[in-house]
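>>> Sequence first, predicted coordinates after that:
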Amino acid sequence: MTMMTAPPAAANPSERTTLGRYAGVDTHRDTHHVAVVDELGRAVADRQFAATGAGYRQIVDFLRTHGPVLAIGVEGTGSYGAELARVLAAAEMAVIEVMRTNRQHRRLRGKSDPLDAHQAALTVAAGRATVVPKPRDGQVESLRILLAERTSATKARTAVLNQVHALLITADGAVRSDFHRYHGQELMDVLARTRPGPGDDPDQVARASLKRLAARHRVLTEEITVLDDQLEQIARRLNPALLATQGVGPVVAASLLATVGDNPHRIATQAQFAALCGVAPIPASSGKTNRHRLSRGGDRQANRALHRIVLIRMRFREPRTMAYFARRRAEGLADRDIIRCLKRHIVNEVFALLTHPSTEPLPGPSLRRQRQALGIRLTDAAAALGVPYQRLRRLELGTRTDPDLVHRCQYWLDETDHQRLKTA
């Protein structure tokens, strides 16, 4: 006779012990709707709160009255839910960023604030959302604000340049001939120094308009210069090794730091950071075809920053970059594909600098002190090493890092010191 054994108690949902709650928040400008579910996804409670300081404190109290909340899914942590995410994190609650409800679910179930909040809670409970939002309360948030201001100033300056060129094309022949030989910043300087005469005829109006546009261009340029200086100061304070990396300037460094936020530990692997920057290849295989396609997602500003690093290294013929180009060209790859591969490799380099910033001082200043102690001029050292003067100068000042050049310079200085001791 076969004996039947009873199933364990944990396998019966009705007899299962409550492990915790999950919450979801649908955020708006004036109100936030909060929904709480149990570990099986069953609705426990939901309520709407005002998007104010008092409302945020009420949300915290509301969640605490429904037992231990394991995680809270918040929509729009970068906009309407930013302050709520900060308040919940300060209350030592686990905050997870969730995307808006997918269209298929909305088509089947409808849409309302309670439904969206409930769906956000279910998303967290099911483990479909795992992204920890940026805290937006540190120095990196200052970089993000400055970058947004710089972007608007740059667009406005570009619009001024386009308007100047368009006006010079359609202006009277005398106006065009006066400024035809000038270009770029020289053109703006010349226009700013002009003194158009009085009158309302098209010639004088065009000259007066060009002068005002040049003055606007100068103001915007000065504003961008101030922003770049401030970006450099903050980036150097946060991660000097990143800013000193070949091809990384203040804007690029600020863009990459803003991408990871003040809590870079939320990005666990290089592959996750590559996907965040939109440089991780996406499988596009089918049948006998085995291929990958370019990722169109991710943070496009971070992708642009990586692309700029590649272009700068190509422009100044950085040895590792040029060697990689030569090897992949021999394999038959096009330059566009090589650049995509380089961006993926640079992600690994940048990821290490962002997640494990070096606390050791850069070697350039120590090399400079050793060279000066030996009485060697910078120009002579650059000639002996076969590198441009400015490249060695930036290395010694600590504004650029170059491991290969550091090794060569250190070896050459040690050998020179050794030879002097032998002949002394």
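Sure thing, it's come through. In this text the structure is predicted, and so the values were computed from the model without any measurement. Numbers count the residues shown, from 1 in each chain.

>>> check contacts around residue 238.
With contact taken as CB atoms under 8 Å, 6 or more residues apart in numbering, residue 238 is in contact with 139-140, 143, 257, 357. Every residue, glycine included, has its C-beta placed from N, CA and C.

>>> How much space separates it from residue 258?
11 Å (CB to CB, to the nearest Å).

>>> Identify the contacts common to those two.
Contacts common to residue 238 and residue 258, judged by CB under 8 Å, 6+ apart, are 140, 143.

>>> So which of the contacts of residue 238 sit within helices?
Mapping the contacts of residue 238 onto helices (DSSP state H) picks out 139-140, 143, 257.

>>> of these, buried ones?
Neighbour counting by 16 or more other CB atoms under 10 Å classes 140, 143, 257 among these as buried.

>>> And the contacts of residue 238, which two are furthest apart?
The span of the contacts of residue 238, defined through CB to CB, is set by 143 and 357 at 14.7 Å.

>>> Wait, residue 252 touches residue 311, no?
No. Applying CB atoms under 8 Å as the test, residue 252 and residue 311 come out as separate, 10.7 Å apart.

>>> Looking at the two, which one has more neighbours?
residue 252 (25 against 13; other CB atoms under 10 Å).

>>> Next one: that one from residue 164, what distance?
From residue 252 to residue 164 the distance is 28 Å (CB to CB).

>>> could you show me where the strands are in the stretch 1-150 of the chain, in order?
Listed in chain order, the strands found in the stretch 1-150 of the chain under DSSP state E, counting those that start in this stretch are 21-27, 31-38, 43-50, 69-75, 95-98.

>>> As CSV, could you dump the C-alpha coordinates of the shortest one?
In other words, strand 95-98. Included here for strand 95-98 are C-alpha records, laid out as CSV according to Å, rounded to 0.1, in the frame of the first residue of the first chain:
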residue,chain,number,x,y,z
VAL,A,95,13.9,52.5,-2.7
ILE,A,96,13.8,50.9,-6.2
GLU,A,97,13.3,52.9,-9.4
VAL,A,98,10.5,51.5,-11.5
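
>>> Quick one: list the elements packing against it.
Where contact means 3 or more CB pairs under 8 Å, 6 or more residues apart in numbering; DSSP states H and E, strand 95-98 is packed against strand 69-75, helix 82-90, helix 113-125.

>>> what angle do the second one and strand 21-27 make?
Computed with axes from the mean of the first three to the mean of the last three CA atoms, to 10 degrees, the direction of helix 82-90 lies at 160 degrees from that of strand 21-27.

>>> in the helix or strand of the chain at the bottom of the mean pLDDT ranking, what's buried?
The least trusted helix or strand in the chain, going by mean pLDDT, DSSP states H and E, turns out to be helix 103-109, with a mean of 71. Neighbour-count burial for helix 103-109, counted by 16+ other CB under 10 Å, picks out no residue.
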